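**Student:** coords please:
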Amino acid sequence: MGAAFVITLREGIEAALIVSILLAYLRRLGRQDLSRVVWWGTVLAFVVSLGVGTIIFVVGAEFEGRAEEIFGGLVTLTAVAVLTWMIFWMRRQGARIKGELHEKVNLALWRPEVWRASWSARSSGSRSRSSWRCSCTAARST
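**Tutor:** Numbers count the residues shown, from 1 in each chain. Coordinates of the predicted model:
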């Protein structure tokens, strides 16, 4: 339980950082009117994450004995793989993430499809939420 709490807290802080960058950039551009679109993307990401997490937990609860151990092991290995990949990805991309978010918002501002700003908020954290779901499942199964 404690491990899942720490993982969830860390992922929440990371998501808050991404949303803060997007909102600060919109404010700097004087486009606070689009803040609601970012918040809708954030809510959508949260709902999708809850849905996928629920599916993982429901599927995992169906297994017993050896199958449960195998499922827990596979989920743990998946979490390790995603987190390891994230470390290397962040090392390569970390310096460009803020600029990338700004670029996505700029593209959304110049096109009629304003929903792209909400997609930026949702898609920027998708890798992180995937690792969160797997890590929480792994923490629960140990």
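**Student:** for Phe63, grab phi and psi.
**Tutor:** phi -90, psi 150 (degrees, to the nearest 10).
**Student:** that one - how many residues pack around it?
**Tutor:** Neighbours of Phe63 under the rule other C-beta atoms under 10 Å: 14. Any C-beta I mention is one placed from the backbone N, CA and C, and that applies to glycine too.
**Student:** and the nearest residue to it once chain neighbours are set aside, how many neighbours?
**Tutor:** Closest residue to Phe63 in three dimensions, ignoring its sequence neighbours and counting by C-beta to C-beta, 6 or more residues apart in numbering: Phe71, at 4.8 Å. By other C-beta under 10 Å, the residues close to Phe71 number 18.
**Student:** now Val37
**Tutor:** 22.
**Student:** next helix or strand past the host helix or strand of it?
**Tutor:** Element membership for Val37 (DSSP states H and E) is helix 35-61. Once helix 35-61 ends, the next helix or strand along the chain (criterion: DSSP H and E) is helix 66-93.
**Student:** other SSEs contacting that next one?
**Tutor:** Judged by 3 or more C-beta pairs under 8 Å, 6 or more residues apart in numbering; DSSP states H and E, the packing partners of helix 66-93 are helix 35-61, helix 126-141.
**Student:** repeat the analysis, applying 6 Å as the threshold.
**Tutor:** helix 126-141 (3 or more C-beta pairs under 6 Å, 6 or more residues apart in numbering; DSSP states H and E).
**Student:** chain center to stretch 45-56, what's the gap?
**Tutor:** 11 Å (C-alpha atoms, centre = their mean, to the nearest Å).
**Student:** mind listing what's buried along it?
**Tutor:** 45, 49, 53, 56 (16 or more other C-beta atoms under 10 Å).
**Student:** show me the shaky parts of this protein.
**Tutor:** Within the chain, the segments meeting pLDDT under 70 span 1, 94-95, 109-142.
**Student:** can I get the helix or strand Lys104 falls within in CSV? Just the C-alpha atoms.
**Tutor:** Following DSSP H and E, one finds Lys104 within helix 97-109. Coordinates of each C-alpha in helix 97-109 appear next as CSV, following Å, rounded to 0.1, in the frame of the first residue of the first chain:
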residue,chain,number,x,y,z
ILE,A,97,10.0,18.7,-23.1
LYS,A,98,9.1,22.3,-22.2
GLY,A,99,9.8,23.5,-25.8
GLU,A,100,7.8,20.6,-27.2
LEU,A,101,4.8,21.4,-25.0
HIS,A,102,5.1,25.1,-26.1
GLU,A,103,5.2,24.0,-29.7
LYS,A,104,2.1,21.8,-29.4
VAL,A,105,0.2,24.7,-27.8
ASN,A,106,1.4,27.1,-30.5
LEU,A,107,0.2,24.6,-33.2
ALA,A,108,-3.2,24.4,-31.4
LEU,A,109,-3.5,28.1,-31.2
